[in-house]
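1. Mind folding the following:
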Amino acid sequence: MARRSVPLLLGVLALGAGCAIVARETHSPRTVPAHDARTFFETTSYGGASFSPDEKSILLSSDRSGVFNAWIVPAGGGEPVAKTKSTTHAIFAQSFFPADGRILTTSDEGGNELNHLYVIETDGSVKDLTPGEKLKAQFLGWSRDKSRFFVSTNERDARYFDVYSYRTDGYARERIFENADGYMPGSVSHDGRHVALAKVKNNADSDVFLFDTKADGGKPVHVTPHEGDATHGPEGFSPDGKTLYYSTNAHGEFEEVWAYDIASKTHAPYLQADWDVQFVRFSENGRYRVTGVNEDARTKIAITDTRTGRPVGLPALPGGDIAGVTFSPSETKMAFYVNGDTSPSNLHVLDLATGKHTQITNALNPKIAAADLVEGERVRYESFDGLEIPAILYRPWPASPANTVPALVWVHGGPGGQSRHGYGADIQHLVNHGYAVLAVNNRGSSGYGKTFHHRDDRNHGEGDLADCVYGRKYLEGLDWVDGSKIGIIGGSYGGFMVAAALTLEPEAFDAGIDIFGVTNWLRTLTSIPPWWASFRDSLYAEMGDPATDEARLRKISPLFHANRIVRPLLVVQGANDPRVLKVESDELVASAKKNGVPVEYIVFPDEGHGFLKKENRITAATAYVRFLDTHLKKKSAAAAKN
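-> Predicted structure coming up:
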């Protein structure tokens, strides 16, 4: 979930002229080659970066083989070598060991989110460091002397995560924090003394606590006492362990980072911006600081040499956002990714001493020309109550007033997510096949201030749905869009919005694609995975408590109104999804079919909440276009015959 602590229909009036803002005015229509889904998804995904002890190699995760595995690539460039070779479940690289060739990885089973932590020994043997049933584990980092590493697991109590210290030599462990009160562990200081903890009250109010592992019988210390509602979350420790950094929106609309001096117990502002500060990170010994700001759906990175206070000079790079910045142990090399709308994430390495820069990966399938992909445009449009809704608009190259195209309203996940710039094979595939896409950031989305963020609290399926309906109206006002052919698509919370649109506003869209969306909030809110226990109050504050808000939750749950579906519907679901249970989609599909409308249903038996296997993503994307070509693109021609 995002930092947000959790996961009406009103009459609509036509927008007047001048209500929308569109960035691009110089579109030159042209024909581009159409590629199938396989071509798009044979683009390779890369993520993560951990330098080997000798700094000659980098450990990363990639789906080159079709399933995510751990790979090692030379830091100076060259072909990656597979370190794991799973063909059934995704494996993600975590870290090299500090002094040898051992590596840490994590994986679950078929998307059930019960991740274990594994070590791959130098002889290739694999050891599960967190054995057991029904538990979830997470790697939290290394101690400064590299003799230990830290792990959180919920093995003792499925609801809560304890923190353990593991010996690098032999893997003996000890519990350094027992969680009995619903905290969420953040980072551990490099000396292993302090554990940063988050405590969520509701979706608008949270706190930071600090646990001292050396305080015999001690309890977590409340770092952020405050009046009223304000969010606080741990960001991490300074390299010397003397300062804890935390985020907060207590002082304005946007998230800021503050510094807490552990010895003096004093607070001071550390980083502020006119947008949300996303993070603050440091290199191994603190020579370099990396900060990120969420600037209107893009991440603006700043890298500073803390010795001089000057920014680190970067080479000329492809357009896009810098992400995943990692420094080598000696702080002489920096690895990072560059990701843009027309360029998937590629790993780069910069030698900080010489300035030499190397692009390590080339992720885009060479069969696709980057110039034939589409840059998203940041736009704004007015909703039913005059609220300005941010969105990203993708315009197919052939689109023009003389050649209008069908369109889709794309709804992000959440609650509280954000549609952001960056490469998405699914969106680019749709646009390549002639569909305009408007990725809306409806009220309740993150990144636009806390007031906007909370406008949909206990208003889901009402104000936020109206924002999506007005997204359609915005598209209808574009002279290059065919206003009679507009559908809606989304996953998770976005899938709920699709189902809500087709049931609560059944005439608003011409077709819908629901990707593992919630259909029965009463069931979903009472079947929260146990490891989300600390977020339950937060989710209830946002969505409602099934015990006291049954009437409203029933009102907005699409399943109870499925008899109103009159538009074609495609539903896609992972069988192992622990967040949105498969029964949610099963029942919606069964109910919709009774209406006599076209309904298609795809279930992946080896996926959870999100599709990690390349073949499944290809199958899903192919189905999206086939469904839309049948029920949206050909809609007008079919109607003319009747």
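
2. Could you work out the end-to-end span of stretch 369-385 for me?
-> The straight-line separation of the ends of stretch 369-385 (C-alpha to C-alpha, to the nearest Å) is 42 Å.

3. Buried residues of it, list them for me.
-> Using 16 or more other C-beta atoms under 10 Å as the test for burial, stretch 369-385 gives 372-374, 376-379, 381-384. Any C-beta I mention is one placed from the backbone N, CA and C, and that applies to glycine too.

4. and stretch 320-335, how far out from the chain's middle?
-> 21 Å (C-alpha atoms, centre = their mean, to the nearest Å).

5. Please read the previous query as pertaining to stretch 302-311.
-> Distance, stretch centre to chain centre, for stretch 302-311: 29 Å (C-alpha atoms, centre = their mean).

6. I'd like to know the average pLDDT value across it.
-> Taken as a whole, stretch 302-311 has a mean pLDDT of 96.

7. In that stretch, which residues are buried?
-> Using 16+ other C-beta under 10 Å as the test for burial, stretch 302-311 gives 303-305.

8. For that stretch, which outside residues touch it?
-> Outside stretch 302-311, the residues within contact range by C-beta atoms under 8 Å, 6 or more residues apart in numbering are 282, 286-293, 312, 314, 325, 334.

9. Send me it as CSV with only the CA atoms.
-> Output of stretch 302-311 as CSV, limited to C-alpha atoms (Å, rounded to 0.1, in the frame of the first residue of the first chain):
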residue,chain,number,x,y,z
ALA,A,302,18.4,15.3,-6.0
ILE,A,303,21.8,13.8,-5.2
THR,A,304,24.0,15.8,-2.9
ASP,A,305,27.6,15.4,-1.9
THR,A,306,27.3,15.9,1.9
ARG,A,307,30.9,16.9,2.3
THR,A,308,30.6,19.9,-0.1
GLY,A,309,26.8,20.4,-0.1
ARG,A,310,27.0,20.5,-3.9
PRO,A,311,24.8,18.5,-6.2
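
10. Using TSV, lay out the buried residues of stretch 369-385 together with pLDDT, distance to Val151 and secondary structure.
-> Below are those laid out as TSV (pLDDT from 0 to 100; distance: C-beta to C-beta, whole Å; DSSP: H, G, I helix; E, B strand; the rest coil):
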residue	pLDDT	distance to Val151	secondary structure
Asp372	97	45	helix
Leu373	98	40	coil
Val374	98	42	coil
Gly376	98	38	coil
Glu377	98	44	strand
Arg378	97	40	strand
Val379	98	44	strand
Tyr381	98	46	strand
Glu382	98	49	strand
Ser383	98	45	coil
Phe384	97	48	coil
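
11. Now flag whichever of the residues you listed is closest to Arg156.
-> Comparing the buried residues of stretch 369-385 against Arg156 with C-beta to C-beta places Gly376 closest, at 45.3 Å.

12. where does the residue nearest to the closest one when sequence neighbours are not counted land on pLDDT?
-> Spatial nearest neighbour of Gly376, chain neighbours left out: Ile392 (4.1 Å); criterion: C-beta to C-beta, 6 or more residues apart in numbering. We note a pLDDT of 98 for Ile392 in this prediction.

13. Just list whatever residues bridge to Ile392.
-> Beta-bridge partners for Ile392, by DSSP bridges, are Arg378, Ala439.
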